[in-house]
Every structure is written in structure tokens, then in C-alpha cells.
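Q: just a sequence and a predicted model for now, questions to come.
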Amino acid sequence: MKIIKVADQVEGGKKGFEILSEKMANGAKTLGLATGSTPVEFYKQVVASDLDFSDMTSVNLDEYVGLDADHEQSYRHFMGEQLFNAKPFKVNYLPNGKAEDLQAEAKHYDQIIAENPIDLQILGIGSNGHIGFNEPGTPFDSTTHIVDLAESTIKDNARFFENEEEVPKKAISMGIASILGAKSIVLMAYGENKADAVAAMVNGEQTEDLPASALQNHDDVYVIVDEAAASKL
Ligand SMILES: N[C@@H]1[C@@H](O)[C@H](O)[C@@H](COP(=O)(O)O)O[C@@H]1O
């Protein structure tokens, strides 16, 4: 893992953008994209740039189960606001959290990933070490699946909703094997709340209890961290 220390989220966004530009200059055509507060500055950099995405494909990591696509906190809505409305892609894939048959939707999403191998995957990390919505205990060989969100994730994400009860309890997420299938990975983490997870991901033993530790198996991972997130390294 290549650890890149930055002063703050704005500098982290710029570093992430530099890596993206370089990968696109070298032919990257498919991006794996993440939501959450972490990549927001990165998306701002992308939107402010003159990079053209009209020939690019995006495949998002995850989506809440049960939220309408136009719900303010749905990841589809988030991606529109942060990136897609300003930078049109050839196609944007996100799992459908409103699908009637969620198992069939998971299978369908695996097919999409297989047909669109990810060149560069953007990741955040949960305070419990989750990537995408792969909570502790998720097998490293998992593909797209339906997740019962961890109590800690529901609490962490309650800040985006009116109250904790409003946070969906389930999500559909790309699996850990699917994430490891990306050619290159950029994981960003900011703030003290992420310090334990970052330390365990980089220096801890590889264990399904800490999903991000699976990334130790990948040979092209950039970890962009501010001082607080790097404080336990
Ligand atoms: N499913 C998302 C993850 O993709 C994200 O990386 C993580 C951290 O969120 P944040 O960036 O807001 O700290 O949790 C969310 O629940």
C-alpha cells in the first residue's frame, strides 16, 4: 500500500484527482465510485476540471435498500449532485435498492461488473473498517450481496438523516472480491474517527473482522490520509 499523507480533505481530493488523471491518461475507461462524505472534495476537483467523461463508465459500490432513487440520501441522488449532473458519463451503473427481487439484482450487478472491469476504484472506509457496505465478517471472496448494516454504521450515517430511525437497515453492496478485482484502488480517510480502522487496515492482521484489511492482498492501492486518520499508523 502506498500511504500518501495530506494536510486535509481538500489536499486529499487533489491527490486523488491527480491519480485519476494519470490513470485516465493511461487508458482507464471504467471507474468504481464511492459515496459518503470522504470523496466530496475529490468530486469537486473532478467537476472543476476539464476532464471529459462522455466515453467513461462508472460502477458504484453500493446503495441503501428501500430508498427511492430521488430520495435525498439515496446514493443515486448523491452521485447526481456530486458528479454525474455536472460530468455526464457514457453510462452510470448503481445497484437498484428498490428492486423487487434483490437477490436477482445482486446477480445482475455482478454481471455488470464482469462486463465492465474496473480500472480505478475509489473507496472510503467505515469507522469499523468496512469498505463499500461490506461490514465486519463479510467473506473476502464475496460478490454483490444484501447487507444488514452494522449498528455502528447506522449510528455513523444517522447524521445524514433526520434521526437514527430513518437510516435504512439494509443495503446492497459490491462484494470484497469485486473490489479487489479493480486494477487500481484509491482509498481516502480523514479524521480521528478513522484512525483505528486505518491502522488495522495497513498494519493489522488480515482478517474478515476488518474488511479493509483485504486490501493488503492488492498490489496497487493508494491510501490518502490526513494527520488525524494517520495518527495510529
Ligand atoms: N457505504 C459508505 C462507504 O462507501 C463509505 O466509505 C463509508 C464512510 O463514510 P464517510 O465517508 O461519510 O465517513 O460509509 C458509508 O456508509
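A: Now that the structure is in, tell me what you want to look at.
Q: most residues in a single helix of this structure, which one?
A: helix 9-25 (DSSP state H).
Q: in that helix, what's buried?
A: Going by neighbour count (16 or more other C-beta atoms under 10 Å), the buried part of helix 9-25 is 9, 12-13, 15-17, 19-20, 23-24. (Each C-beta comes from the backbone N, C-alpha and C, glycine too.)
Q: point out the residues in the chain that sit beside the ligand.
A: 34-38, 61-62, 124-126, 132-133, 153, 157 (C-beta under 6 Å from any ligand atom).
Q: now, those residues that are in helices?
A: Filtering these for helices - DSSP H - leaves 153, 157.
Q: tell me the phi and psi of the residue nearest the centre of the chain?
A: The chain has Ala34 as the residue nearest its centroid, 3.1 Å off, counting by C-alpha atoms, centre = their mean. For Ala34, the backbone dihedrals (degrees, to the nearest 10) come out as phi -120, psi 160.
Q: and if you look at Gly129?
A: Reported as degrees, to the nearest 10, the phi and psi values for Gly129 are phi 90, psi 10.
Q: distance check, it against Asn116.
A: According to C-beta to C-beta, to the nearest Å, Gly129 and Asn116 sit 27 Å apart.
Q: just Asp209 next, same as before
A: From Asp209 to Asn116 the distance is 30 Å (C-beta to C-beta).
Q: more neighbours: those two, which one.
A: The neighbour comparison of Asp209 against Asn116 (other C-beta atoms under 10 Å) goes to Asn116, with 17 against 14.
Q: ok, that one - contacts?
A: 30, 57, 59, 93 (C-beta atoms under 8 Å, 6 or more residues apart in numbering).
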